[in-house]
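Chemist: Dropping the sequence and predicted coords here.
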Amino acid sequence: MQLPNALRHNALPLAIVLSLAILASQFSFRLRDLTWADAVAVQLRIWEGRVEIPEFQNRILAPALTVLALKIAPAGFSERSLWHILRFVEAAAGFVALYAAVFQTTGSRLRAVVSVGLVTFAYLWAPMTDSGENPSDFFDIGFTALIVCLALAEKPVALMLVVVLASMNRESAAFAGVVWIAVTYGRYEARDLPKYLPALAYMAVSVAIVWGLRYGLAKEFHPKQTLGALESLNRWRAYFHPTGVTPMFAATALVFYALLRLMPRPWTADQKATMGAAIVCALITAVFGIWTELRIWLPCWVMLSFTAVIGSNHRSDREWLTSLQRRE
């Protein structure tokens, strides 16, 4: 399908996706404790190699976009408005990539919109558990979606290109290896071991880029943080707060659990693979991420959104919706 025809065919779903991008970006902007000037300053420090947290130094895609926007913006243009626009562009990029990835995988506009809706719902809790804006979050959603899509399509070269770009945004790019292993095992088990080799390449390239950027670009070195799991244990009181991270995480998980329960049985091999990848990536995230920041779970929610919609790809949307009611 040519691009103009594809855009016309997907005009209404894309309008919904962009509306969700506006919702997510404004929700993020207006709920943060840091001012927009502080948020921009953080991005500029990353670009200059003077970030206070070493783990942020490799996340240069969003800072590069910020610097470019500041340079090309007309004289006198409000920096606050520019930051609003940037946040929307970043959200739109992530959500459109997710929509395109699910549509490419399922051939269904409805299921692609459902996937974006699920991830949007998961994202909306994140600004309430983290004081600072992290533009890499929206890109993380898009890159994870492309990783899952290309792994399911078994396109190792294209996936490597995505891994290279994703590594400049977030360390979760290494999850490409986990997804590739899960999909390969689900389809071939251990019958063809060479098929697993790309996974090792994805992990090695991602780690090399992340560490190269983190310590190659840094002009100032700061003590490394402890593992996220240890930091999370130090914040244990937060998990008992009635409006804190625990009920917010539970609210998110409940929606995914309810939809996954509706999925017709038996699950396909690809559904089991994306579910397995999400579980493994969640375990890795629990070790290296800070649990009280719900944004760290975004890649896992993206993978689960695929699990929820990729079954029965041969069916029409009407048949898919009917199958949710019958639970075949």
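Modeler: In hand now; what should we look at? Numbering: from 1, shown residues only.
Chemist: Centre-most residue in the chain?
Modeler: By CA atoms, centre = their mean, the chain has its centre lying nearest to Ile141, at 2.2 Å.
Chemist: That one reaches Leu298, doesn't it?
Modeler: Yes - under the criterion of CB atoms under 8 Å, Ile141 makes contact with Leu298 at 5.8 Å. All C-beta atoms are positioned from the backbone trio N, CA, C, and that covers glycine.
Chemist: Any chance you could list residues touching both of the two?
Modeler: Residues within reach of Ile141 and of Leu298 at once, by CB atoms under 8 Å, 6 or more residues apart in numbering, are 119, 123.
Chemist: Could I get the contacting residues of the residue nearest to the centre of the chain?
Modeler: Ile141 makes contact with 94-95, 97-98, 119, 123, 298-299, 302 under the criterion CB under 8 Å, 6+ apart.
Chemist: before we move on, what about Ala64?
Modeler: By CB under 8 Å, 6+ apart, the contact set of Ala64 is Trp47.
Chemist: Now do it against Glu48, distance only.
Modeler: The gap separating Ala64 from Glu48 is 12 Å, by CB to CB, to the nearest Å.
Chemist: Could you report the neighbour count for Thr322?
Modeler: Counted with other CB atoms under 10 Å, the neighbours of Thr322 add up to 13.
Chemist: For Thr252, which non-adjacent residue is spatially closest?
Modeler: Leaving aside its chain neighbours, Thr252 sits nearest to Ala122 (5.0 Å; criterion: CB to CB, 6 or more residues apart in numbering).
Chemist: What is the helix or strand where the one you found lies packed up against?
Modeler: Taking DSSP states H and E as the definition, Ala122 sits inside helix 109-124. The contact analysis (3 or more CB pairs under 8 Å, 6 or more residues apart in numbering; DSSP states H and E) places helix 109-124 against helix 11-31, helix 79-106, helix 136-152, helix 245-262, helix 298-309, helix 317-326.
Chemist: quick one, which of those is nearest to Asp38?
Modeler: helix 79-106 (10.6 Å; CB to CB).
Chemist: Show the low-confidence segments of the protein, by residue range.
Modeler: Within the chain, the ranges that satisfy pLDDT under 70 run 1-3, 33-34, 220-226, 312-315, 325-328.
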